[in-house]
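K.L.:
using only what follows, build the 3D model:
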Amino acid sequence: ADALGDSPKELTPPFDQQSVPELVIQFSADQRTARRRFRIPLDEVRSTIQETLLQAWRSKLDTIDFNGLDRDSRIDWLMLSREVDHLSFQFHKDKSRDQLALRFIPFASDVIKFCSSKEHGTFLDASSSATILESIARSAESASKALGKESKDSKNDSSELDDSEPILALRASEIIDRYQRQLNDTHRYYDGYDPKYMWVVSKPLESSNQAIQKYRVALRERVAGISEKDQEKIVGLPIGNDALREAIDHAWLPYSAEELIRIGERELRWCDEEFQKAANDLGCEGDWKKALELVKAKHVDPGEQPRL
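P.N.:
You can find the predicted model right below:
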């Protein structure tokens, strides 16, 4: 979009007169472009551009005379303003949390250095690429060994782990997964183009991928306490009361979190009662699962449907 450039100074939305609906379209385009263009987690350039872009849009909206807008434009302005504030809140919350999770990712700076060559259009020669990848592999291997030692020591330590440790470890494992995808994406960018790169980097990349994957699994299982083999468990990162209230406000819901829980429990009870009523009507003595199977079995034979 027009608001994006190569440096944060250029991230200022055009200040010519536009209708509010056009601003909504432009804001959406800017956000999509920023997400596609800057993808490396914990990259300072990415962080600066995201923050500057949101600040520029906040300033742009503040210069608009709200009282001079018609009703439809006022609605668009309120929705866009709420979206900008929501993304700003989310940005700072994610940034703070990711900075805390960074201590579980000792090779983050090397990954950013390697991937930023493609991301920001800088040159990284084959030898330097191989050196960085070898450093990533060593750091990941050392971190895996350290986790193993900590796990053994913790069994003999009666003190409890900090409650935030599993949450931060889980977040770190998610970032590491994104790092691994970015590493391979950057490799595909150079592979087949630079013959020296193809010859020098293939082995270090394989080693770094194996070391990163091993460390990610160890971090997820030993610190976060979530088995890599368990594909059915739904795991979420707690966001806290402030973020929950902000998310509810962003959705324009006139309820508190406690009220929403009570409403959900009430509606669930109603659904259970209706299930039982329907099951009784079908002669299943309140067993809705049995009633469901009974209804599923009530169908004509294959090929008989056109007669109905």
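K.L.:
so where's the stretch 101-250 of the chain uncertain?
P.N.:
Along the stretch 101-250 of the chain, the model assigns pLDDT under 70 to residues 151-163, 231, 234.
K.L.:
helices of that one, residue ranges please.
P.N.:
108-119, 126-155, 164-190, 195-218, 240-250 (DSSP state H, counting those that start in this stretch).
K.L.:
format those helices as a markdown table; extra columns: mean neighbour count and distance to Q26.
P.N.:
Where C-beta positions appear, they are placed from N, C-alpha and C, glycine not excepted. As requested, the helices of the stretch 101-250 of the chain are exported to a markdown table (neighbours: other C-beta atoms under 10 Å; distance: least, C-beta to C-beta, whole Å):
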| stretch | mean neighbour count | distance to Q26 |
| --- | --- | --- |
| helix 108-119 | 21 | 24 |
| helix 126-155 | 17 | 37 |
| helix 164-190 | 18 | 28 |
| helix 195-218 | 18 | 38 |
| helix 240-250 | 13 | 20 |
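K.L.:
let's have the ones you listed in TSV, adding distance to S227.
P.N.:
Compiled in TSV, those are given as follows (distance: least, C-beta to C-beta, whole Å):
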stretch	distance to S227
helix 108-119	25
helix 126-155	14
helix 164-190	12
helix 195-218	9
helix 240-250	26
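K.L.:
D230 is nearest to which of the ones you listed?
P.N.:
D230 lies closest to helix 195-218 among the helices of the stretch 101-250 of the chain, at 12.0 Å (C-beta to C-beta).
K.L.:
so which elements touch the closest one?
P.N.:
Secondary-structure packing of helix 195-218 (3 or more C-beta pairs under 8 Å, 6 or more residues apart in numbering; DSSP states H and E): helix 126-155, helix 164-190.
K.L.:
got the angle for the shortest one vs helix 126-155?
P.N.:
Direction vectors for helix 164-190 and helix 126-155, defined by axes from the mean of the first three to the mean of the last three C-alpha atoms, to 10 degrees, enclose an angle of 160 degrees.
K.L.:
numbering from 7 from now on, please.
P.N.:
I'll keep to 7 as the first residue from here, and by that count the last item is helix 170-196.
K.L.:
quick revisit: now the helices and strands packed on helix 201-224 in TSV, with distance to L259?
P.N.:
Output for the helices and strands packed on helix 201-224, formatted as TSV (distance: least, C-beta to C-beta, whole Å):
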stretch	distance to L259
helix 132-161	41
helix 170-196	25
